[in-house]
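Asks: What shape does this take:
(chains A and B)
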Amino acid sequence: MKFEQGCCKRCGQPFLSPKTLRIVLKRAKEQGQEKYFGDFELCQKCRAHVFAERLIGNRLEKVERFQHIAKRRREKLRTVQRDTRLGSTVYKSECFTCNQGCDALVHVKDGKVIRVEGDPSSAVTQGTLCCKGLASKELLYHPDRLVHPLKRVGKRGQGKWQRISWDEALDTITDRFHEIEKEHGENSIVVATGTNRGWVRYINRFANAYGKQWMGPGIAQCFYPRMTGEILVLGSSAIENPQYDHTQCMLVWGVNPTNTWPVKALGMMEARSRGAKMIVVDPVFSEAASKADMWLQIRPGTDAALALGMLHVIIEEELYNKEFVDKWCFGFKDLMSRVERYNTSKVEEITWVPGSKIRESAVMYATTKPASITQCLSIDQNADTISTSRAIAMLAAITGNIDVPGGNLMGMPLKEQPRSIEMLRGYLTKEQNEKRLGSREYPLLAGEACVLQPSAHNHAVWQAILTSKPYPVRAIYCQGSNMIAGYANTRMVIDALRSLDFFVVADFFMTETAKVADIVLPVATWMERSSVTRSDQTSINNFHLQQKITQIGECWSDFKILNELAKKLGFAERMFPTDEAYFDFLLEPSGMTFEELKKVGVISVPYSFKKYEARGFNTPSRKIQLYDARLKDLGFDPLPNYREPTESPVSAPELAKEYPLIITTGGRVPVFRHSELRNISILREIVSELLVSINPTTANKLGIYDGDPVIVESPRGSMEAKACLTEGIDPRVVQVPSHWGGKNNVNRIMDNESCAPIIGSIQHRCQLCRVRKNG
Amino acid sequence: MQSAKERIEVMSDKVLFIDLDNCVRCHACEIACRQEHDLTFDTKSRWCQVMAIEPRWAENELHMDFVPTMCFQCDDPICAYFCPVDAISRSEDGIVVVDEDTCIGCKLCIHGCPYGVMFYNEVKGVAGKCDLCTSRIQHGLEPACVQHCIGGALQFVTREELTVLTAQKHTVSVGTVSYASSKWKLTELF
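Replies: Numbering: from 1, shown residues only, chains lettered A, B, ... in the order given. All right, here's what the predicted structure looks like:
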């Protein structure tokens, strides 16, 4: 026992004075508590850690999982109530710290928000709320919040700002937009959006009503590819909506819901507690993978091959639902001959997943009924995202797990539900549609063939700004997006944004992107605005009330900013006069006004299953399209196929000599939402720095130890991070979480030129890099 | 409102059950706890924390585990031995309580807690730790961490329920907290 040291024996951090330690030891001895002596030499954090290690130990003795779902307290729904314990008034609202929309209760006392909690009346969230939502109060009252409009007074990016009124801000935007339009043509202004917080459709409508093209980081490489794939195959979204209530097997593909999709994690963990099987596809041993019955450690970017390999097994072993396939699937024979080339040994070679595991998981998924698929972002970021999402959708299709309890549910019919708004695409001329940036290369993203709302391709927009080809883009209106953190090839993005004539950013904080703007507008958080919310990503049959609770500075809701801007720009009649008028319009089919919803709180529609039986699937053949002639017309493969990533050891062996590691970016941590929340100190404390996950074998060869600062390089440039040595990743792969700023921004080294065909997804999950020690 | 007698019954009846099979390291418990007890960043107090045991191999399988930690309300709390002013005591409902008015902020209890679950509140200048959300329980609610637990790992249950829940699992109980796992043979602490 060394008395003189004041450092933790485990981590080496100084933690207490030798004198204190002496007193502690003496007292413990007096009380006969010598057994704790070893622990007293550890700092607080290490004590808790050592406790955890000691508790779990290393004796693996598996017993059958006892099937039990945790009971949760349920309460009656009240949109406003008194809380006697805290002396507060409690408002029901909807948390939009991320894009999901979870039921939340907000406690207000003396005009201040004192608590944000989960809502125990909710059938969806059952009273839970994730760490991000629970920290909403910190976001609301953050001292760095933007509270009034600002205009740039120094040079661009210099950081000199002057407070202006909303009137002046909107007038300036209007005048500058008119000037630029006059000088450079109607297509020279782009409307850019960021994450969806219940207003993405609204800003899309705004852009169409204004006659401008729109873009966003989360379009070509998030949501659009998987949604497009599903819609092509099934005529509607379904794979996005797994139903956990009755599922017996969950195929979780490229998503770690505990970090990114807590409301899904809730359903998933309940199903697991009920005894449902869980298969996780992930190159990294994620939290979800650690709970799985089977983990398929895939080579990043080869998801399509794995899905085709599983289809091969299911078809070969005749495990598909023959009756369903005969009645409802179009092109099964074509698919059958296509998957012949994806036998397990070939797929093992491509994906690195052992053939036996591919077979076992395919059999498990096909024979356990009902089975659901959960998928997300990562399948939107490889070399052929349309094939990937189509192949995954076909797994659900040929096993008959579509729109059945415990399978994947199709969207609900809109009768008696709040409606979606018209997108007003008619205000765009034919010429504008044809001239939308990227429409020729990426018809499913930017062309008329797009099955969602066509959007400009980001690389084409940067090109147009930098080179004025095919025509100049000189101004961007950007709402809710930190473009510098979010888009690949940071240098190109910064160069493009800095060379704009006029740039408007609406955000909560002075982000990296807002810093290079001309006008910055302060936006309301979810507690400062009302809305009618429905997010398919939360629940397809519930519509919730979000009510305004407080007001910070001069922050406006996203809706209000767009409404007021439309008035100034001269197309007020195409938008709505106020936020409430818009909500009333949405609610019209349900026979309710927003004021009435404020009393009810939620509109719930019962699930309906097998909706296709009435009128078939919403596709040209009214059946599930395994073979798609529409894709053939676009010059694309009508059947799903695997396409090797543009940069991989297989496709670019020469480059791989110099950059031998596969980099997969985009893995998320639970405490942040994309580029947001890193300034919330209680969250930042949990994940304080950017960690690159690297296998100890690889690190050892590179002379890198755990916690070492490292530099990650690609032909595009370099970025900095700290090494985190983990067995949970293949030695040939490294993972770097995305959306960090400055030198930690992984997008500095990501390519944005080689994109997936016809949809234009950036290959965020499968490029090449090398790692070296920093310094 | 409940009567004082009822309150004690509610308290003594229930224990915190932590099902390690279900913890997914979402950190909701940590932030819920900080909010409930007004533990701002400046207080430097993290009464509830999720500890991770990073990926490791066992029987050709990779394992990663997470352990939520908080005060166990030890039956024989060692922190109380260290307190020079007797500010720490075990209440009749089984909760180890720090009397903030008596506490002189000497930090001896913090250094004396072998589990690292006591914290010095830098704002208030006193020691603090999990009180199982006494005020919430008194009003018929469960602790904040339990309500917000996404995986259903934290559960607030009666002793009878606990017996059923832990019957088929490896279980270790400390104070009012019981950990259970269907995978690892949990180790008794001392």
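Asks: Tell me the first helix or strand C-terminal of the helix or strand bottoming out on mean pLDDT in chain B.
Replies: Least confident helix or strand of chain B, by mean pLDDT, DSSP states H and E, is helix B:4-13 with a mean of 51. Later in the chain than helix B:4-13, the nearest helix or strand by DSSP states H and E is strand B:14-19.
Asks: Okay, now the sheet partners of that next one, with direction.
Replies: In the sheet, strand B:14-19 lines up against strand B:154-158 (antiparallel), strand B:177-181 (parallel) (DSSP bridges).
Asks: Please work out which of those strands is packed deepest.
Replies: strand B:177-181 (a mean of 24; mean count of other CB atoms under 10 Å in any protein chain shown). From N, CA and C alone the C-beta is placed, and that goes for glycine too.
Asks: Serialize the strands paired with strand B:14-19 to TSV and add fields for mean pLDDT.
Replies: Shown next, in TSV, are these (pLDDT from 0 to 100):
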stretch	mean pLDDT
strand B:154-158	96
strand B:177-181	95
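Asks: Make JSON lines from the ones you listed and add distance to residue A:344 to it.
Replies: Shown next, in JSON lines, are the strands paired with strand B:14-19 (distance: least, CB to CB, whole Å):
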{"stretch": "strand B:154-158", "distance to residue A:344": "41"}
{"stretch": "strand B:177-181", "distance to residue A:344": "34"}
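Asks: Name the nearest residue to residue A:588, sequence neighbours excluded.
Replies: Sequence neighbours aside, residue A:419 is the residue nearest to residue A:588 in space, at 6.8 Å (criterion: CB to CB, 6 or more residues apart in numbering or on different chains).
Asks: Is that neighbour in a helix, a strand, or coil?
Replies: For residue A:419, the assignment made with DSSP: H, G, I helix; E, B strand; the rest coil gives coil.
Asks: Return the distance of it relative to residue A:69.
Replies: 35 Å (CB to CB, to the nearest Å).
Asks: Low-confidence bits of chain B, can you list those?
Replies: Along chain B, segments meeting pLDDT under 70 span B:1-12, B:190.
Asks: Strands of that one, residue ranges please.
Replies: B:14-19, B:49-58, B:61-69, B:88-90, B:96-98, B:119-121, B:126-128, B:154-158, B:170-174, B:177-181 (DSSP state E).
Asks: Of these, give the one that comes closest to residue A:27.
Replies: Minimum separation from residue A:27 across the strands of chain B (CB to CB) falls at strand B:88-90, 13.2 Å.
Asks: for the spatially most central residue of chain A, what are its contacts?
Replies: With distances taken as CA atoms, centre = their mean, residue A:377 lies nearest the centre of chain A, 6.1 Å away. Counting by CB atoms under 8 Å, 6 or more residues apart in numbering or on different chains, residue A:377 makes contact with A:222, A:254, A:255, A:260, A:666.
Asks: What of residue A:388?
Replies: Taking CB under 8 Å, 6+ apart, we find residue A:388 in contact with A:225, A:229, A:303, A:304, A:307, A:379, A:382, A:640.
Asks: Got phi/psi on it?
Replies: Backbone geometry at residue A:388, expressed as degrees, to the nearest 10, gives phi -60, psi -50.
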